[in-house]
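**Student:** return atomic coordinates for the entry below.
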Amino acid sequence: MVKKKSLIPIISIVGKSNSGKTTLIEKLIQELVRRGYRVATIKHHLHDFEIDKEGKDSWRHRQAGSRATVVATPQKVALIEDVEEDLSIEALRERYIHDVDLILTEGFKGNPHPKIEVSRAVLKRELLCAPEDNLLAVASDVPLSIEAPCLDINDVQGLVDLIEAAVLK
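**Tutor:** Below is the predicted model of the structure:
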C-alpha cells in the first residue's frame, strides 16, 4: 500500500502595507518553534527581485542561460529558478517545501487558506477579509467588533493557540 503524502497546512498572514505582517510572522515563528514545530515561510512579492550578486559564479551561470541554479553549502541550499508564471501557494508548497509542520505565508491576499489579518488603528483602513474569506482571526491593536476572533496584536501565544487548535491538532 502506498502512503499518501499529507499536505502541509498553510496559514496566510494578510493585511495592508505597513500593518506589521512581517513583525507578527517573526513572533509567530519564534513561538511555534519554541513549541516544537518546524515552520517554513513563503513571502509573495509583486515585483522582481535579485538575490544573485553581479559577478558571482551563480550570477554568471544564470547570465550564460541556466534556468535554475542551486548554490549548496554544508549548512544551506538556495535555488534560483526562472518561472513562466506567478506560482500559487500550492505549487510552491509542492515544489519546494518539505519536512515542516506549517507554512506561514505573507503577501497572498486572495487564497483559500485560513488567514490571520493584521490591522492597526493608526492606518485607518478597512479589513481586507471577512469570515467567508476563511478569516481565522484578526490581530489588532484595538478591539474590533467582527465575526472572527480579534486578538491583541501582541498576544502571540493566543494566536499560536488558535493556529494549533485550527490546523495543527
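**Student:** for the residue nearest to Ser88 when sequence neighbours are not counted, which residues are in contact?
**Tutor:** The spatial neighbour of Ser88 that comes closest, neighbours along the chain excluded (CB to CB, 6 or more residues apart in numbering), is Asn111 at 7.7 Å. Glycine gets a C-beta too; all of them are placed from N, C-alpha and C. For Asn111, the residues meeting the contact criterion (CB atoms under 8 Å, 6 or more residues apart in numbering) are Ile10, Ser12, Ser88, Ile89, Thr105.
**Student:** I'd like to know which of those residues are buried.
**Tutor:** Among the contacts of Asn111, those classed as buried by neighbour count (16 or more other CB atoms under 10 Å) are Ile10, Ser12, Ile89, Thr105.
**Student:** format these as TSV; extra columns: pLDDT, distance to Leu162 and secondary structure.
**Tutor:** Formatted as TSV, the entries for the buried ones among the contacts of Asn111 read as follows, by pLDDT from 0 to 100; distance: CB to CB, whole Å; DSSP: H, G, I helix; E, B strand; the rest coil:
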residue	pLDDT	distance to Leu162	secondary structure
Ile10	96	15	strand
Ser12	96	14	strand
Ile89	92	20	helix
Thr105	94	17	strand
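**Student:** show me the two of those that sit farthest apart.
**Tutor:** Across those, no pair lies farther apart than Ser12 and Ile89, at 7.6 Å, counting by CB to CB.
**Student:** hey, what's in contact with both of these two?
**Tutor:** For the pair Ser12 and Ile89, residues contacting each of them under the criterion CB under 8 Å, 6+ apart are Thr105, Phe108, Asn111, His113.
**Student:** what ranges do the helices span in the protein?
**Tutor:** For the chain, the helices defined by DSSP state H occupy 21-34, 57-63, 89-96, 156-163.
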